[in-house]
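Chemist: With the sequence up front, the predicted model follows.
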Number of protein chains: 4
Amino acid sequence: MEPTAPQEACFEAGVKFGSLYHQFAGTPISPDSADSLTAAMEEAIENQPFCEAVTVSVRMEALESAIAEGGADYTELTGRFIDVEMRIEYEGVTVETSMAMEDGYPLMQVDAVQE
Amino acid sequence: MEPTAPQEACFEAGVKFGSLYHQFAGTPISPDSADSLTAAMEEAIENQPFCEAVTVSVRMEALESAIAEGGADYTELTGRFIDVEMRIEYEGVTVETSMAMEDGYPLMQVDAVQE
Amino acid sequence: MEPTAPQEACFEAGVKFGSLYHQFAGTPISPDSADSLTAAMEEAIENQPFCEAVTVSVRMEALESAIAEGGADYTELTGRFIDVEMRIEYEGVTVETSMAMEDGYPLMQVDAVQE
Amino acid sequence: MEPTAPQEACFEAGVKFGSLYHQFAGTPISPDSADSLTAAMEEAIENQPFCEAVTVSVRMEALESAIAEGGADYTELTGRFIDVEMRIEYEGVTVETSMAMEDGYPLMQVDAVQE
């Protein structure tokens, strides 16, 4: 069957999450450079179609503790250092989505779909 | 409202597309290395949850023509060199999706949703 | 033969260039989001060892013209939209490097080595 | 001062290492998909100028142990799962380089320079 508008809206939301994650995973990050990276992530993904708002926040304690364990003063970005919220607007449908850690993996999920 | 299973299935499909695209965009590619890259893209993304099948094929004419225009014997992977098909299975829902060029942009879309 | 300090310094400079380019190539970029992206690129790569200064500037005319040709209001970052300068300090050796377009390809090069 | 050919050869070697690492870091990887990914990494980077040979091997024990610790049957590629060797030929200079883990960080280094 053909997809409905809410289903397509959810697909668009997923595309943005996959993009954000795999574009920026591996980027060198430190507490000092965290703000410029999250700002760039937000503005870059907001360029994509139907993407109304992106908020990326760094879990600073997890970042500092990972750096303390390593031998350098920075580490590489992975999902365990960030929380993400994103709002998609597609053909009158609003999709709210988020990413947070669950059982050691960054879980991306749809929080709400509003027609 | 809470998302339905088909909506979540479409979200998962989108995540895989965004991942595939932004993980591999920019990779050096030539006609000789095209097969190993598409094989790696397929197997890498099939690791992700709910992702049953990924097919990536190179638009060899577009690739060769881009290389002929440049001064090197390779170029960087972008959406205009590949077609992608993907099948997601999530809680009894099957989602068929594809990516192809449309008006000069790689368009990712949901082709069918089957409960 | 074992590498000399200036040779190792040049190797370090190359690592930073390859990192910067392949980490961020493919990122969605528009004139409005260009500043946040270049700031993030600079600060991210400056985290890496021996990397004293990174300057990334957007070739705004090339960016606007590429966007005008496409059907969307953004495009994906490639080397033709940016100029980069970088200074590496390694065991008393200073290496100045830069990236700019030459014959349609982003050419990365060592400008000067100072012991 | 202008760089010498051996210094430029080392710069080129560094570019390839940074490219390889930041292009592929974050790719979903499992024991079953490891071979296709390493083949793609080798062939992709060998496209780049002056890059004669690239060998990527997976540290399978480290990979399996990381997967066992997580909740999924794959993980994301980082430097701790691979060893890399690379040979650059530039204007009569041969540079041998490698990447291996040292103190928990992937250390990239120049092993030999031969004029």
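Modeler: Structure's in. What do you need?

Chemist: Residue A:31: what's it in contact with?
Modeler: Contact partners of residue A:31, counting by CB atoms under 8 Å, 6 or more residues apart in numbering or on different chains, are A:60, A:63-64, A:67. Every residue, glycine included, has its C-beta placed from N, CA and C.

Chemist: In helices, which of those residues appear?
Modeler: Among the contacts of residue A:31, the residues falling in helices (DSSP state H) are A:60, A:63-64, A:67.

Chemist: By neighbour count, which of the residues you listed wins?
Modeler: residue A:63 (20 neighbours; other CB atoms under 10 Å in any protein chain shown).

Chemist: tell me the contacts of it?
Modeler: So residue A:63 contacts A:29-31, A:34, A:75, A:81 (CB under 8 Å, 6+ apart).

Chemist: Quick check, pLDDT for it.
Modeler: Note on residue A:63: pLDDT of 96.

Chemist: Who is residue A:112 paired with across the strands?
Modeler: residue A:96 (DSSP bridges).

Chemist: follow-up on the earlier one: for the ones in helices among the contacts of residue A:31, which one is nearest chain B?
Modeler: Closest to chain B out of these is residue A:63 (22.1 Å), distances taken as CB to the nearest CB.

Chemist: could you flag which of the contacts of residue A:63 are buried?
Modeler: Burial by neighbour count, 16 or more other CB atoms under 10 Å in any protein chain shown: within the contacts of residue A:63 this picks out A:29-30, A:34, A:75, A:81.

Chemist: From those, which land in helices?
Modeler: Reading helices off those with DSSP H, I get residue A:34.

Chemist: Tell me which residues touch the closest residue to residue A:27 other than its chain neighbours, please.
Modeler: Leaving out its chain neighbours, the residue that sits closest to residue A:27 by CB to CB, 6 or more residues apart in numbering or on different chains is residue A:77, at 4.5 Å. Listed by CB under 8 Å, 6+ apart, the contact partners of residue A:77 are A:24-29, A:37.

Chemist: For stretch A:27-42, buried residues please.
Modeler: Quick answer for stretch A:27-42 (16+ other CB under 10 Å): A:27-30, A:33-34, A:36-42.

Chemist: remind me, longest helix of chain A?
Modeler: Assigned via DSSP H, chain A shows its longest helix as helix A:5-24.

Chemist: Could you check it and say which residues are buried?
Modeler: A:6-24.

Chemist: So the residue nearest the centre of chain A versus chain B, what's the distance?
Modeler: Nearest to the mean C-alpha position of chain A, counting by CA atoms, centre = their mean, stands residue A:84 at 4.0 Å. Residue A:84 sits 12 Å away from chain B, going by CB to the nearest CB, to the nearest Å.

Chemist: rewinding a little: also compute the angle for the longest helix of chain A relative to helix B:5-24, please.
Modeler: With axes from the mean of the first three to the mean of the last three CA atoms, to 10 degrees as the basis, helix A:5-24 and helix B:5-24 are set at 30 degrees to each other.

Chemist: So which elements touch helix A:5-24?
Modeler: Here helix A:5-24 touches helix A:34-46, strand A:51-58, strand A:82-90, strand A:93-102, strand A:105-114, helix B:5-24, strand B:105-114, going by 3 or more CB pairs under 8 Å, 6 or more residues apart in numbering or on different chains; DSSP states H and E.

Chemist: JSON lines for the ones you listed, including mean pLDDT?
Modeler: Formatted as JSON lines, those follow (pLDDT from 0 to 100):
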{"stretch": "helix A:34-46", "mean pLDDT": "98"}
{"stretch": "strand A:51-58", "mean pLDDT": "97"}
{"stretch": "strand A:82-90", "mean pLDDT": "97"}
{"stretch": "strand A:93-102", "mean pLDDT": "93"}
{"stretch": "strand A:105-114", "mean pLDDT": "92"}
{"stretch": "helix B:5-24", "mean pLDDT": "96"}
{"stretch": "strand B:105-114", "mean pLDDT": "92"}
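
Chemist: Could I get the contacting residues of the closest residue in space to residue A:72 that isn't next to it in sequence?
Modeler: Spatial nearest neighbour of residue A:72, chain neighbours left out: residue D:105 (6.1 Å); criterion: CB to CB, 6+ apart. Counting by CB under 8 Å, 6+ apart, residue D:105 touches A:70-72, D:79.

Chemist: Among the residues you listed, name the buried ones.
Modeler: If we count by 16+ other CB under 10 Å, these have these buried: residue D:79.

Chemist: where does chain A come near chain D, residue by residue?
Modeler: A:21-22, A:25-26, A:69-72, A:76, A:78, A:103-105 (CB under 8 Å from any CB of the partner chain).
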